[in-house]
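Visitor: model this:
(2 chains, ligands or ions: 2)
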Amino acid sequence: MSQTRTRITLLDRVLTPSQSPRTQTMIATVGGSLFAVVLALAICAVMLAITGKNALDAYSTIIETGTDTNKLLETLRRATPLIFSATAVAVGFKMNLFNIGVEGQYLFAALIAAEAGSWVGLPAPLHVSYILIVAMIAGAAWASIAALLKAYKGIHEVISTIMLNYIALAVIQWLFESFFREEIEGNLNVKTSILPDSARIPDIVDGRLNGMFLVALLVVAVFWVLVYRSRFGFRLRASGHNAAAASTAGISARHMIIISMLISGAIAGLVAMQSVLGEAFAYGPSATPIQYGFAGITVALLGRNHPIGIVIAAILFGFLDSTSAALQLADVPNSIVKVMQAIIVLTVVIVNEATIRRLNVRTAEQARAKLETGGAS
Amino acid sequence: MSTANDAANGAENLAVQLDNIEKRFPGVIANHDVNLRVHPGTIHAIVGENGAGKSTLMKVLYGMHEPEAGTITINGERQVLRSPGDAIAAGIGMVHQHFMLADNFTVLENIILGSEPGHRGVIDFAAARVRLQTIMASLNTDLDLDAPVSDLGVGERQRVEIMKVLFRGARILILDEPTAVLVPEEVDELFATLRHLVNDGATVIFISHKLDEVLQVSDEITVMRQGTTVAQTLPGEIDRSGLAELMVGSELPSPEGRTTTVGDTVRLRVRELSVHNQEGREVVSGANLEVRSREIVGIAGVEGNGQYELCTALMGLQTARGVVEVDGVDLSDAPTRRRHQAGMAYIPFDRQREGLMLNSSLWENTLLGRDDEPRFRQGPLINQAEAKASSREIIERFRVKTPDETTPAFALSGGNQQKLVVGRALVSDPAVLIAAHPTRGIDVGAQAAVWDEIRGARDSGLAVLLISADLEELIGLSDTIAVMFDGKITARLDPDRISPAELGSYMTGAYQGVNS
Ligand SMILES: Nc1ncnc2c1ncn2[C@@H]1O[C@H](COP(=O)(O)OP(=O)(O)OP(=O)(O)O)[C@@H](O)[C@H]1O
Ligand SMILES: [Mg+2]
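Guide: Numbers count the residues shown, from 1 in each chain, chains lettered A, B, ... in the order given. Ligands and ions are numbered 1, 2, ... in the order given. Sure thing, here's the model as predicted:
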């Protein structure tokens, strides 16, 4: 049998029992993540060396990006849609729902909102709000199909949302080609009609950071209050933890499934709004970015479905994205950049898991120490 | 792991010998200086208060917890058990306090799960069947191997768990509170089965809070108190109160008689309530019940005769035909939440499945179902300070053993989880309480305290519908007893004029009608 462990780890040096468990968790998580990134860079250096690239060149490029204010602002801009999609995914996770359909939900919402926005003329703040609301409704509407299928027919949301992604793409293409497409002579980059100035969200820093970033932070804040502080959030988490106990307590799992899926879809509806209202000013098959729905799943997992975690993870992703162009200039091919990104994500996840585990052991040991000095149990 | 069975080095020939075991959890020393000696071919009982460390010790012996200190010796061999796999290899099997069966699998699949016989990944079901038939024959029992476990009653589920353990070749069986969920008749069957096994040379260790049964069936008794073993004794040398004294270190509180009379107003009225299960079979047939203020109506019955469906239908968790009224308000079609708001409270049958969020803190658990109450509301938000304060009240009033209200529910011992669920149902001053096995898994001392709480609430006007497998509890608390058999209420009895034995006959359908 093992004796009481007295191994002193790095964690024990940084953390003191006087800090609250929450602070300790925070320090450990943040520290762990930083450590993970460094570790990942070391692994990538080996990989770069094997493929015959100069790791030093690559890393000095990354450091340049990291110290350039403009690039950092761009990082935040790239993080914005990820914050929305990860939050959308996280809302579902709280109810044990795996919303793989964010992709379809946001693209559908983008088309509908862009089109609906071009129908009306309103003063600026109203026009923008109107489009955002339409986007949220459209996203929720698309998600409602999966919600109803799950709540009333028991069809697993993973299957239905994946299928609904395909269907969304087809529906969008059909709607776009048959009704919403704006013909402009000689322009191959087809879009819906260009939105007027009143429907545009201004940049906070010209050409670098768009106002949608603030909306994203607002949504994350609302998400936090809703899930962790509100009665609704309590019921949602209860139902997610133990549906049988929750329904015994009068919380209908069916309601919770529907509501959480609708909220998830509504937030998903905002994913492409930075593009529609801040960059392209329209929906277009080549103008509106794709794949954010899937990236959002990774970001949500990386951020442990926690609001702050999501923001940090999204920024990390945004940063990796914004380095990729510069890296390509430094002769690191895009495929390797993608592999590097994946390695970083994996390392963060692994290190995170390890620190949390170690932290739990520590908490147990501290409690024991307290108990022994404090006397009786 | 060696299979040599050479016990010559030990002075005594012991099946299980634990020395100086120590096991800690955050904020809790669950076991320390534990010494246990179990002779082969005996039934060995372990008794102790809630949270005394019984389940923890058994989990140590089953390889689920690695102890911080101490040694485990099985049949004279020192063993280090790092996982249940190691324990199984050493011939140890365990049936847990909270069953661990996969509901949507059949009996056969559940039994062989994890040790499937066969070659190259192909399961040999036929071989499994043959082996199980021999095991069933040796146990003198019969189970439909192809029935889905979800269709089985508790007694049958337990037999599945025991067969699962035997299928793995266990010769030392650990049963954690096996009788808590059984009615007396099933208890007799269980012990007959265990006696069979022991006569064949197996060894049984079981935990129980029912001291009478411990004295009746065990060959030896070990008493635990506050994490350690304090005595080992023989049933012939001690009586009930002596045992209780060893467990709690003081004498048992004696329950007091009633001081008030049954009220006149009917608080819960049930008319012609019928419930059909998913296969369309009628599981509750036309039940009629009235519970007045200051009245406790007991429902007696072998588990699986419609009590569960009756309760879930009353709480709106199951569709039913018929009328349910609380204080004259018709709730027949009301959703569960409305019924809570109308003053109904519920202590569910299975604390872990229906009562608790195991990974959430205690204060979140005590808030479950009560977040509507004005004191916990702050607009759309939850008043966490109030919720925690209320949780502390429950912990204190019901003597839940825990470091504090932020502890996760899984860290409580079974009995303390039960106290929390009972406390949550009682603190919000309900009009009608549906209490299913309220003291299930609670030790003798705390049981008396819970009874006092229920009586106290009754005396101030509460109407209680009490379901219990513990016939003494049922007879002791109830003002009227209704017997449920095969979905029908087959008898109404006066508890003052009936013995547990007679009540047992009514429950098996041998008698029907009224005893007065
Ligand atoms: N997984 C766990 N994490 C933290 N603490 C635990 C855990 N399991 C048990 N404990 C604590 O260890 C102590 C002993 O618990 P245990 O379950 O062994 O009690 P018990 O004797 O089986 O009680 P009961 O009769 O109520 O089932 C309790 O104080 C309990 O809170
Ligand atoms: Mg226990």
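Visitor: the stretch 151-300 of chain A: helices as residue ranges?
Guide: A:157-175, A:212-224, A:231-241, A:243-248, A:253-268, A:273-278, A:292-302 (DSSP state H, counting those that start in this stretch).
Visitor: also the stretch 251-400 of chain B?
Guide: B:307-314, B:336-341, B:362-367, B:384-397.
Visitor: orientation of the last one relative to helix A:231-241 in degrees?
Guide: This means helix B:384-397. If you take axes from the mean of the first three to the mean of the last three Cα atoms, to 10 degrees, helix B:384-397 sits at 50 degrees to helix A:231-241.
Visitor: ok so, going back, mean pLDDT and mean neighbour count added to the helices of the stretch 151-300 of chain A, as TSV?
Guide: C-beta: built from backbone N, CA, C; applies to glycine. Converted to TSV, the helices of the stretch 151-300 of chain A look like this (pLDDT from 0 to 100; neighbours: other Cβ atoms under 10 Å in any protein chain shown):
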stretch	mean pLDDT	mean neighbour count
helix A:157-175	94	17
helix A:212-224	96	19
helix A:231-241	94	22
helix A:243-248	94	22
helix A:253-268	96	24
helix A:273-278	93	26
helix A:292-302	90	23
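Visitor: any chance of those helices in JSON lines, with distance to ligand 1 too?
Guide: Supplementary listing: the helices of the stretch 151-300 of chain A in JSON lines, determined by distance: least, Cβ to the nearest ligand atom, whole Å:
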{"stretch": "helix A:157-175", "distance to ligand 1": "31"}
{"stretch": "helix A:212-224", "distance to ligand 1": "28"}
{"stretch": "helix A:231-241", "distance to ligand 1": "17"}
{"stretch": "helix A:243-248", "distance to ligand 1": "19"}
{"stretch": "helix A:253-268", "distance to ligand 1": "27"}
{"stretch": "helix A:273-278", "distance to ligand 1": "46"}
{"stretch": "helix A:292-302", "distance to ligand 1": "26"}
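Visitor: show me the one of those that comes nearest B:I162.
Guide: helix A:243-248 (25.3 Å; Cβ to Cβ).
Visitor: how about the CA coordinates for that closest one, as CSV?
Guide: Taking Å, rounded to 0.1, in the frame of the first residue of the first chain, the C-alpha atoms of helix A:243-248 are listed here in CSV:
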residue,chain,number,x,y,z
ALA,A,243,-33.5,14.0,-16.1
ALA,A,244,-35.5,11.5,-13.9
ALA,A,245,-34.8,13.4,-10.7
ALA,A,246,-35.6,16.7,-12.4
SER,A,247,-38.9,15.5,-13.7
THR,A,248,-39.8,14.1,-10.3
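Visitor: my read: B:G227 touches B:R24, true?
Guide: No. Using Cβ atoms under 8 Å, B:G227 is not in contact with B:R24, being 9.4 Å away.
Visitor: touching both of those two, which residues are there?
Guide: Common contacts of B:G227 and B:R24 (Cβ atoms under 8 Å, 6 or more residues apart in numbering or on different chains): B:A30.
Visitor: contact partners for whatever residue of the stretch 101-250 of chain A ends up closest to chain B?
Guide: Nearest residue of the stretch 101-250 of chain A to chain B: A:A249, at 3.1 Å (Cβ to the nearest Cβ). Neighbouring residues of A:A249 by Cβ under 8 Å, 6+ apart: A:A238, B:T336, B:H340, B:L368, B:G369.
Visitor: at 7 Å what do you get?
Guide: Counting by Cβ atoms under 7 Å, 6 or more residues apart in numbering or on different chains, A:A249 touches B:L368, B:G369.
Visitor: any idea of the pLDDT on A:T4?
Guide: For A:T4, the pLDDT comes out at 39.
Visitor: try A:R7
Guide: On the pLDDT scale, A:R7 gets 46.
Visitor: and B:T407, by the same measure?
Guide: Per-residue pLDDT puts B:T407 at 90.
Visitor: got a list of what it touches?
Guide: Contact analysis of B:T407 by Cβ under 7 Å, 6+ apart lists B:S361, B:L362.
Visitor: buried residues in stretch A:34-50, which are they?
Guide: For stretch A:34-50, burial by neighbour count (16 or more other Cβ atoms under 10 Å in any protein chain shown) applies to A:F35, A:A36, A:V37, A:L39, A:A40, A:L41, A:C44, A:A45, A:L48.
Visitor: ok, the third one touching A:I344?
Guide: Just to be clear, that refers to A:V37. Yes. A:V37 is within contact range of A:I344, at 6.1 Å (criterion: Cβ atoms under 7 Å).
Visitor: from the buried residues of stretch A:34-50, which one has the minimum pLDDT?
Guide: Pick the lowest pLDDT in the buried residues of stretch A:34-50 and you get A:V37, at 78.
Visitor: from B:I347, how far out is that residue?
Guide: For A:V37, the distance to B:I347 (Cβ to Cβ, to the nearest Å) stands at 51 Å.
Visitor: repeat that for A:I50.
Guide: A:I50 is 64 Å from B:I347, where distance means Cβ to Cβ.
Visitor: now do A:V361
Guide: A:V361 sits 36 Å away from B:I347, going by Cβ to Cβ.
Visitor: more neighbours, the two?
Guide: B:I347 (28 against 14; other Cβ atoms under 10 Å in any protein chain shown).
Visitor: excluding sequence neighbours, find me the nearest residue to the more buried one.
Guide: In this structure, B:I347 finds its nearest non-sequential neighbour in B:A435, 4.5 Å apart by Cβ to Cβ, 6 or more residues apart in numbering or on different chains.
Visitor: which SS state does that neighbour fall under?
Guide: strand (DSSP: H, G, I helix; E, B strand; the rest coil).
Visitor: partner residues bridging the closest residue to B:L477 other than its chain neighbours?
Guide: Once flanking residues are discounted, B:L477 sits nearest to B:I296: 5.3 Å by Cβ to Cβ, 6+ apart. Beta-bridge partners of B:I296, counted by DSSP bridges, are B:V464.
Visitor: what about B:I296, neighbour count?
Guide: If you count neighbours by other Cβ under 10 Å, B:I296 ends up with 27.
Visitor: got a list of what it touches?
Guide: With contacts taken as Cβ under 7 Å, 6+ apart, B:I296 has the following neighbours: B:R458, B:V464, B:L466, B:L477, B:S478, B:D479.
Visitor: how does it look with 10 Å?
Guide: B:258, B:262, B:433, B:435, B:454-455, B:457-458, B:462-466, B:474, B:476-481, B:495 (Cβ atoms under 10 Å, 6 or more residues apart in numbering or on different chains).
Visitor: could you pick out the buried ones from these?
Guide: Taking 16+ other Cβ under 10 Å as the criterion, what is buried in these is B:262, B:433, B:435, B:454-455, B:457-458, B:462-466, B:474, B:476-481, B:495.
Visitor: ok, which stretches of the stretch 401-516 of chain B are helices?
Guide: For the stretch 401-516 of chain B, the helices defined by DSSP H, counting those that start in this stretch cover B:414-427, B:444-459, B:471-477, B:500-507.
Visitor: tell me which strands and helices the longest one is in contact with?
Guide: If I follow you right, that is helix B:444-459. The helices and strands touching helix B:444-459, judged by 3 or more Cβ pairs under 10 Å, 6 or more residues apart in numbering or on different chains; DSSP states H and E, are helix B:240-248, strand B:295-300, strand B:344-347, helix B:414-427, strand B:432-436, strand B:463-467, helix B:471-477.
Visitor: let's have the ones you listed in JSON lines, adding distance to ligand 1 and mean pLDDT.
Guide: JSON lines is the format used below for the helices and strands packed on helix B:444-459 (distance: least, Cβ to the nearest ligand atom, whole Å; pLDDT from 0 to 100):
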{"stretch": "helix B:240-248", "distance to ligand 1": "10", "mean pLDDT": "85"}
{"stretch": "strand B:295-300", "distance to ligand 1": "24", "mean pLDDT": "94"}
{"stretch": "strand B:344-347", "distance to ligand 1": "16", "mean pLDDT": "96"}
{"stretch": "helix B:414-427", "distance to ligand 1": "3", "mean pLDDT": "95"}
{"stretch": "strand B:432-436", "distance to ligand 1": "18", "mean pLDDT": "96"}
{"stretch": "strand B:463-467", "distance to ligand 1": "21", "mean pLDDT": "96"}
{"stretch": "helix B:471-477", "distance to ligand 1": "17", "mean pLDDT": "88"}
